[in-house]
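1. Pasting the sequence and the predicted coordinates here, then a few questions.
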Amino acid sequence: MNLKNLQEKARILNEQTNPRYKLYTPAEKEILTKTVKLNEEVGELCNDILGILKLQRRAKLEHFDKRNMYQEFADVILTTLQLATVAGVDIERAISDKLKTIGERNKKEKR
């Protein structure tokens, strides 16, 4: 299969699945946008972690600044909070519930 054939198959698949992915409300569009933005920010943080570990290619390492990682962590946290807000998630409750779940799991594993 060549790339033109593959692209045509992808176009047909897109036509077949398009109605399932239709966004109906501005809120749904905002959730999708924030989700994509969060993934972008996580990717940037991953790049910085690769830089710290010196696993980036040489050209990127020449311009790497370890201090930028602080900004990337902040971007991930802030974008996560924005996504939680538009998705209607009480982030304090979510974190509290998760910490409780982790604590309970750790107690079971120590037995």
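-> Noted; the coordinates are in hand.
2. if I look at residue 28, how far off is residue 21?
-> Residue 28 sits 10 Å away from residue 21, going by C-beta to C-beta, to the nearest Å. In this view, the C-beta of every residue, glycine as well, is placed from N, C-alpha and C.
3. buried set for the longest helix along the chain?
-> What stands out as the longest helix in the chain, according to DSSP state H, is helix 26-52. Using 16 or more other C-beta atoms under 10 Å as the test for burial, helix 26-52 gives 30, 31, 34, 38, 41, 44, 45, 47, 48, 51.
4. of those residues, closest to residue 99?
-> Relative to residue 99, the closest of the buried residues of helix 26-52 is residue 38; by C-beta to C-beta it sits at 21.0 Å.
5. so the closest one makes contact with residue 79?
-> Yes: with contact defined as C-beta atoms under 8 Å, residue 38 and residue 79 form a contacting pair (4.7 Å).
6. what's next to whichever helix or strand comes after the longest helix of the chain, contact-wise?
-> Past helix 26-52, further along toward the C-terminus, the next helix or strand under DSSP states H and E is helix 58-62. The contact list for helix 58-62 (C-beta atoms under 8 Å, 6 or more residues apart in numbering) reads 47, 51, 54.
7. okay, which residue is most central for the protein?
-> residue 39 (2.8 Å; C-alpha atoms, centre = their mean).
8. circling back: could you give the mean pLDDT of the longest helix of the chain?
-> The average of the pLDDT scores along helix 26-52 is 95.
9. ok now that helix, how far from the chain's centre?
-> How far helix 26-52 lies from its chain's middle: 4 Å, per C-alpha atoms, centre = their mean, to the nearest Å.
10. So which helix or strand of the protein has the lowest pLDDT on average?
-> Every helix and strand in the chain was compared by mean pLDDT, DSSP states H and E; the lowest is helix 58-62, with a mean of 87.
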